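Participant: show me how the following folds:
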Amino acid sequence: MRAYEESFTDVLIHAGTPRMMARVMTCLYLTDAGSLTASELVQRLQVSPASISKAIAFLENQGLVRRERDDRRRERYVVDDDVWYQSMMASARATAQLSETAREGVGVLGPGTPAATRLENIARFVDFVSESITRAAEQARDILHTKPATPPAP
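Facilitator: Numbers count the residues shown, from 1 in each chain. Presented below is the predicted three-dimensional model:
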């Protein structure tokens, strides 16, 4: 289990997630409940509460975790089944913003200039990618909520 946890964390790090944030995400993903308290994360990861707080703030900002209160009024950090859909949609929105900003640059630099042409090509490319991400995420969203037909092998 420890080797798998490290492997999963490494994949998240190579995808651009900062190390502590990747460790927290992995820890949350690998719990059956999909949620832990700050003290549980501190204990599992052997890090300071401040490290957990910083990681959770980052992950919340990215839409990858959310906070909720449990029966004992403790904050729990949760990864929903829908988190990857929300993350993809946030990525598509950010990409669309990049396209809009590139098109503003075309107006500033003047159409037909080499820099404006470059920016227009960036905008067209990013529009296509953003639309593709949105379409694919919407089409595949139900996958996040399906249960495997057969139980996984032990």
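
Participant: which intervals of this structure have sub-threshold pLDDT?
Facilitator: 148-154 (pLDDT under 70).

Participant: all helices of this structure, in order?
Facilitator: Assigned by DSSP state H, the chain shows helices spanning 2-14, 19-29, 38-45, 49-61, 83-109, 114-140.

Participant: would you turn those into CSV with mean neighbour count?
Facilitator: C-betas here are computed from N, CA, C, even on glycine. Below are those laid out as CSV (neighbours: other Cβ atoms under 10 Å):
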stretch, mean neighbour count
helix 2-14, 13
helix 19-29, 21
helix 38-45, 16
helix 49-61, 16
helix 83-109, 16
helix 114-140, 15
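
Participant: distance to E68 added to those, as JSON lines?
Facilitator: Formatted as JSON lines, the helices of the chain follow (distance: least, Cβ to Cβ, whole Å):
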{"stretch": "helix 2-14", "distance to E68": "23"}
{"stretch": "helix 19-29", "distance to E68": "13"}
{"stretch": "helix 38-45", "distance to E68": "13"}
{"stretch": "helix 49-61", "distance to E68": "12"}
{"stretch": "helix 83-109", "distance to E68": "14"}
{"stretch": "helix 114-140", "distance to E68": "24"}
